[in-house]
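Chemist: Build me a model from this:
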Amino acid sequence: MSRTILCVATAAGLTCVSLGLMIVRYRVLGDEVLAPRGPGAWRVTLLVNGSSTSKDAKLLTATPLEIGHQHICRESCRSNEFSNKPPASRRPERRQVLWNYRQTISPGRFRVIYEFYCQLDLHRADAPLPHSAKLLYRPPAAGEFLRDEARIECEHPEIAALARQLTEGTDELSEQVEALFRHVDQYIGKEPAVGGGGLSAVQCLKNGRGDSGAKSRLLVALCRNRGIPARMVTGLMLARGKGQEQVAHYWVEAWIHDHWKPMCSFHHYDGHVPPAFLVFGIGDLPIVHGKLVRDLDYAFLTEPSDPKVESVLARPSTLHRFFRSMSLYALPPPEGRLVEFLLLLPVAALLVCVFRNVIGMNSFGTFAPALVGLAFRELESLPGILVFVSLVLIGWGMRRILDSYHLLQVPRTAFMMSLVVVVLIAGIVAANFHDLPATKFMPLFPMVILTGMIERFWTLEVEDGTYASFKTMLGSMFIATTIALVLGIHALVRILFQFPEILGLIMAGQLLLGRYTGYRLSELFRFRDLSMVSGP
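Modeler: Numbering: from 1, shown residues only. This is a model prediction of the structure:
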């Protein structure tokens, strides 16, 4: 069997396996391949409106946690006025999206949309916690969750007097918490949540009524006054207000003996809350807050899965359960974003193959343009490629100077990387002095790739001349820009995530390109005069 036939047969096999797996998985899962479906699957949209007063405006929006029975997937952020960074998970008790105002947009009215899907295991509210979430439910440290906080005045005389009265003659912690909860639940009235941050614990006590946040602050203050660690939980009620606008909901957790006891005095839950209470964070957290913004307002829209498929998916087959467990939607958000990046790498490599083997363009290596294109695949960061070229040229000039020292290759490369770092730091400081958003471009630079391109640029110039080196650099940047534009198409990213079997088709294309020995398109252009002479 010839090598060409072997490549074609292998490519055909990969194509059949990939398409067959896609068809089987779609027949088994149905529309669940495209988005989470079934009992406990919800689509949640957060809309934020407001006005910016400066181009330095910033926003922080809370996002739900990945804990126990709740799983978050398919997060997306969009706004014409703000760019965003993926939700950070540096602190286990909260995740937030950071929004930065676009420098090309004049201050004024803005809209920000954060959307996600969540899957709840409605029958396992006590599902095992991931490692990061276990930190949230560890025993409190000495003195933790016992002190005054903003709007939780646990040492206020009226709070202290009521707490003593309600727990008089009771030494058992669980009974004390029960008495405190029963009072807030039965004798403090309910009112809807409105803007302005809500009432404090003392204000709620004096008014005799409050929203879920105010009643929770009062219950926390009463518990802490009795020396019982207590904290608020910020979240959302998915099972209420289906298809209607709603705001955040708050409830309380108190440490009793060896566990956190959940309580919602607003909806009369003592010792448990429904699994449809989606946790956004521990503490009295604002869902959205900002800097240099005004008239800030938000609302959630919660939509359940298609009820027509719930009865079918409530009793899934073994194959259905297998494919569901292997779905990329089962990954936590940080791992999902990593897989999304990895899925794009083969696509970028395929584009490099097309440019080099079919079109005939030269580049600095195979993966350098692919990685540079991936680093700048957001449309707003495309000018970073020009900055990248400028750094390569600056590094090339420094490389010419460094050549007079006749250093060994490894120390020379290390010294070159250090020089590049110095130039980058100087550029960031200069950009900050002129109020330019340097962080949109410079932190994404793959330093090893940048240093390697400078070395390749210099080597090619020595071997083939300055013209060839600049031509190769321009080709590399053109390929990187094309990759950035193609991989910046959100529909492409979504399809790859829904059908990762497409990787088999991409690999088949790479195999076929690997046996392509015909003319490059650039060669047809180079030899056009010869073809005209030899023609009829």
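Chemist: From the chain's centroid, how far away is stretch 38-51?
Modeler: 15 Å (Cα atoms, centre = their mean, to the nearest Å).
Chemist: Pull it out as CSV, backbone CA atoms only.
Modeler: C-alpha atoms of stretch 38-51 as CSV (Å, rounded to 0.1, in the frame of the first residue of the first chain):
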residue,chain,number,x,y,z
GLY,A,38,-34.0,18.0,31.1
PRO,A,39,-35.1,18.3,34.7
GLY,A,40,-33.0,20.8,36.6
ALA,A,41,-31.6,22.5,33.5
TRP,A,42,-32.0,26.3,33.4
ARG,A,43,-31.0,29.1,31.2
VAL,A,44,-30.3,32.3,33.2
THR,A,45,-29.7,35.8,31.8
LEU,A,46,-28.5,38.8,33.7
LEU,A,47,-29.1,42.2,32.2
VAL,A,48,-27.3,45.3,33.6
ASN,A,49,-28.2,48.8,32.6
GLY,A,50,-26.6,52.1,33.6
SER,A,51,-24.6,55.1,32.5
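Chemist: Nearest spatial neighbour of Gly514, chain-adjacent residues omitted?
Modeler: Leaving aside its chain neighbours, Gly514 sits nearest to Cys7 (6.5 Å; criterion: Cβ to Cβ, 6 or more residues apart in numbering). C-betas here are computed from N, CA, C, even on glycine.
Chemist: And for the one you found, the neighbour number?
Modeler: Neighbour count of Cys7, defined by other Cβ atoms under 10 Å: 18.
Chemist: in the stretch 151-300 of the chain, which spans are strands?
Modeler: Along the stretch 151-300 of the chain, counting by DSSP state E, counting those that start in this stretch, strands occupy 189-190, 209-210, 230-237, 245-246, 249-256, 259-264, 269-270, 277-282, 288-291, 293-304.
Chemist: Just tell me which of those strands ends up closest to Gly13.
Modeler: Gly13 lies closest, by Cβ to Cβ, to one member of the strands of the stretch 151-300 of the chain: strand 293-304, at 41.6 Å.
Chemist: tell me which residues in that closest one are buried?
Modeler: Of all the residues in strand 293-304, those buried under the rule 16 or more other Cβ atoms under 10 Å are Val293, Leu296, Tyr298, Phe300, Leu301, Thr302, Pro304.
Chemist: now what about it, what contacts it?
Modeler: The contact list for strand 293-304 (Cβ atoms under 8 Å, 6 or more residues apart in numbering) reads 41-53, 57, 59, 61, 110, 195, 236, 238, 241-248, 287-290.
Chemist: Could you dump the strands of the stretch 151-300 of the chain into a markdown table and include mean pLDDT and distance to Pro92?
Modeler: Formatted as a markdown table, the strands of the stretch 151-300 of the chain follow (pLDDT from 0 to 100; distance: least, Cβ to Cβ, whole Å):
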| stretch | mean pLDDT | distance to Pro92 |
| --- | --- | --- |
| strand 189-190 | 92 | 31 |
| strand 209-210 | 92 | 29 |
| strand 230-237 | 94 | 13 |
| strand 245-246 | 82 | 26 |
| strand 249-256 | 94 | 15 |
| strand 259-264 | 94 | 14 |
| strand 269-270 | 93 | 24 |
| strand 277-282 | 92 | 8 |
| strand 288-291 | 92 | 20 |
| strand 293-304 | 91 | 23 |
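Chemist: Tell me which of these lies nearest to Ser200.
Modeler: strand 209-210 (9.2 Å).
Chemist: what secondary structure does the residue nearest to Gly514 sit in?
Modeler: On the three-state scheme (DSSP: H, G, I helix; E, B strand; the rest coil), Cys7 is labelled helix.
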